[in-house]
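>>> Sequence and predicted structure are below.
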Amino acid sequence: MAMISFDPEFFEVKPTWDDKGNGVHSKRVIPAGTVIVKEMPLLRHPENPAGFQYEQIPDLITQFDALQPFQQNELLTLYTVKHRGEDPDALFDYLQNTYTRPDGTTKLSYQEARRYMRMVVVLWSNQIGILDEQAEEHRGLYLRTSRLNHQCAPNLLTNLATNGEITLRTRNRILPGDELSISYIPLDLSRAERRAALLEDFEFECKCDLCDEYALAADADNHEYRVAQLHIYDLGETMRLYTENEFSVLPLEDCNQYLARCQKRWVHYTELHWNDMAFYELLNIADLWARVWALTPNNTPWVPGDAVNPRAQYAAMEWTRSLRTAVDKLGPLVMDRNDTHLEDARRALNQPGALPNIIRPRIPAPEDGRVRSKSRTPEGRPMRRDRTASAEAQGQGAQGPVANNPGAGGQGS
Ligand SMILES: C[S@@+](CC[C@H](N)C(=O)[O-])C[C@H]1O[C@@H](n2cnc3c(N)ncnc32)[C@H](O)[C@@H]1O
């Protein structure tokens, strides 16, 4: 059987129960905030405003030929779909009769042409938009990310850097058997908008949990809820930057603002209905916050005597208070679910002295105690899997897979 690129010790690629084709399933418990994939595209090409042109194929073939045989073979096992505006027969004809090899020879064998044709169709079916440093658009094919199905409330967050590196991080704790998912589209859309976008751009009817009947009954179309999700998402990303880049009180202030907004929404929609998502989001934030507590310049635990930034200390105390309130508020709603995560979170939040002494600045605070952060780099910004227009509008460094983005159609020259 062809090798698949999720480590079989941790993940299993197998058919999903709800008929989405294959999906990636976890074999382990994975904590929130864990990076599970970091990968560069195997194939990459500049976006052509006129749509995909066959003149782009020779360069793609050169890239493909330079891959290791196992990478080539695995790439060829990725999902393919026949899209509007793309004609595999014309592609095959081009490859067999027109394509010229670097050594000047033509006429590929039937097998060679079939192999390259599949490579191009896999690319069409799975490519992801990349915005580079100069805001130029590219499309990339990723081996692991291409295995992931879409969920309107995904359990993985995606960050796409301008150099094309994609990072996937768990948004909540993953349990054995859970299917891993990303969102192919922006999160802040209503159910109807999401379904229309997926149908238009990716040509499938979404079968995710948030779209199913239970979720419908649970008011999944509630736009407020989507916006709350976005705030929570931005919050998570801000905290991630905070832990991974440099210490600054400014992201902490951002975090406070996000948290205030999230809490407002939580109050609003927990009154409407209970949704597991809110709880897991909360735990995710608690996890991230725990990592902030543990932040030192060398990533070693704080020891007495380390400098503490007073503003960060204050913000950290406020945060703990807010999270504790939120856990207490949401707790009774999930107690009957026999969920031990809540107890974990409560224990962590209530640990005496856990906060905020372990925080200290990475860079010296100016006299007024205010520490300025580096402005956020495009790759550091929260990435939403936007389509091109909205990604541009928001100055984002990435966009979603473009399985049938009209601009990516494969018309022959
Ligand atoms: C990038 S592939 C994902 C992996 C694919 N399921 C496989 O078998 O290899 C994208 C395709 O998976 C299916 N898919 C992904 N998410 C889905 C969802 N939420 N509902 C229905 N189909 C989905 C669609 O056919 C879509 O075109």
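Looks like it came in fine.

>>> got the buried residues for stretch 165-185?
Applying a neighbour-count criterion of 16 or more other CB atoms under 10 Å, the buried positions in stretch 165-185 are 165-174, 178-185. All C-beta atoms are positioned from the backbone trio N, CA, C, and that covers glycine.

>>> Output that stretch as CSV, restricted to C-alpha atoms.
Taking C-alpha atoms only, stretch 165-185 is exported to CSV below (Å, rounded to 0.1, in the frame of the first residue of the first chain):
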residue,chain,number,x,y,z
GLU,A,165,5.5,27.2,5.2
ILE,A,166,2.3,26.0,6.6
THR,A,167,1.8,25.2,10.3
LEU,A,168,-1.1,23.3,11.7
ARG,A,169,-1.8,23.5,15.4
THR,A,170,-4.5,21.8,17.5
ARG,A,171,-7.1,24.3,18.6
ASN,A,172,-8.5,22.1,21.3
ARG,A,173,-7.6,18.9,23.0
ILE,A,174,-7.9,16.0,20.5
LEU,A,175,-9.1,12.6,21.6
PRO,A,176,-8.2,9.2,20.1
GLY,A,177,-10.5,8.6,17.1
ASP,A,178,-11.2,12.3,16.5
GLU,A,179,-10.9,13.4,12.9
LEU,A,180,-8.5,16.3,12.3
SER,A,181,-9.9,19.2,10.3
ILE,A,182,-9.1,22.6,9.0
SER,A,183,-11.4,25.3,7.6
TYR,A,184,-11.1,25.9,3.9
ILE,A,185,-13.1,29.2,4.2
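
>>> So His45 lies in a helix, does it not?
No - when classified by DSSP: H, G, I helix; E, B strand; the rest coil, His45 is found to be strand rather than part of a helix.

>>> which residues touch it?
Residues near His45 by CB atoms under 8 Å, 6 or more residues apart in numbering: 56, 59-60, 138-139.

>>> residues making contact with stretch 90-105?
Under the criterion CB under 8 Å, 6+ apart, residues 54, 57-58, 61-62, 106-108, 110, 112-114, 116-117, 120-121, 410, 412 lie in contact with stretch 90-105.

>>> rerun that using 10 Å as the cut-off
Outside of stretch 90-105, the residues within contact range by CB atoms under 10 Å, 6 or more residues apart in numbering are 52, 54, 57-58, 61-62, 65, 87, 106-110, 112-121, 124, 410-413.

>>> Could I get the CA-only coordinates of that stretch as CSV?
Backbone C-alpha positions of stretch 90-105 (Å, rounded to 0.1, in the frame of the first residue of the first chain) are rendered in CSV as follows:
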residue,chain,number,x,y,z
ALA,A,90,-6.8,18.3,-23.2
LEU,A,91,-4.2,18.1,-20.5
PHE,A,92,-3.3,14.6,-21.5
ASP,A,93,-3.1,15.5,-25.1
TYR,A,94,-0.8,18.5,-24.3
LEU,A,95,1.5,16.3,-22.2
GLN,A,96,1.7,13.5,-24.8
ASN,A,97,2.0,15.7,-27.9
THR,A,98,3.1,19.2,-27.1
TYR,A,99,5.2,19.1,-23.9
THR,A,100,8.9,19.3,-24.6
ARG,A,101,11.4,17.8,-22.1
PRO,A,102,14.4,19.9,-20.9
ASP,A,103,16.6,18.0,-23.3
GLY,A,104,14.4,19.1,-26.2
THR,A,105,12.7,15.8,-26.9
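
>>> Pull out the buried positions in that stretch.
For stretch 90-105, the buried set under the neighbour-count rule, 16+ other CB under 10 Å, comprises 91-92, 94-96, 99.

>>> which one of the residues you listed sits closest to the ligand?
Out of those, the one with the shortest distance to the ligand is Leu91. That distance is 18.9 Å, counting by CB to the nearest ligand atom.

>>> is it fair to say the closest one lies in a helix?
Yes - in this structure, Leu91 lies within a helix as judged by three-state DSSP.

>>> these two touch, right, Glu193 and Asp201?
No - contact criterion CB atoms under 10 Å: Glu193 and Asp201 do not qualify, at 11.8 Å.

>>> quick one, what contacts the residue of the chain found nearest the ligand?
Closest to the ligand within the chain is Gly21: 2.8 Å, counting by CB to the nearest ligand atom. With CB under 10 Å, 6+ apart as the criterion, the residues that contact Gly21 are 15, 79, 81, 149, 204.

>>> quick one: which of those residues is most hemmed in?
When neighbours are taken as other CB atoms under 10 Å, the top entry among the contacts of Gly21 is Asn149 (22 neighbours).

>>> Can you give me the separation between that one and Asp209?
Distance, Asn149 to Asp209, by CB to CB, to the nearest Å: 11 Å.

>>> which residues do these two both contact?
Both Asn149 and Asp209 are contacted by 18, 179, 181, under the criterion CB under 10 Å, 6+ apart.

>>> In JSON lines: the contacts of Gly21, plus pLDDT and secondary structure.
Formatted as JSON lines, the entries for the contacts of Gly21 read as follows, by pLDDT from 0 to 100; DSSP: H, G, I helix; E, B strand; the rest coil:
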{"residue": "Pro15", "pLDDT": "92", "secondary structure": "strand"}
{"residue": "Tyr79", "pLDDT": "93", "secondary structure": "coil"}
{"residue": "Val81", "pLDDT": "83", "secondary structure": "coil"}
{"residue": "Asn149", "pLDDT": "96", "secondary structure": "strand"}
{"residue": "Phe204", "pLDDT": "91", "secondary structure": "coil"}
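
>>> now, the most widely separated pair of those?
Farthest apart among the contacts of Gly21 by CB to CB are Pro15 and Val81. That separation is 16.3 Å.

>>> For the helix or strand containing Arg114, buried residues please.
Secondary structure from DSSP states H and E places Arg114 in helix 110-126. Judged by neighbour count using 16+ other CB under 10 Å, the buried positions of helix 110-126 are 113, 115-126.
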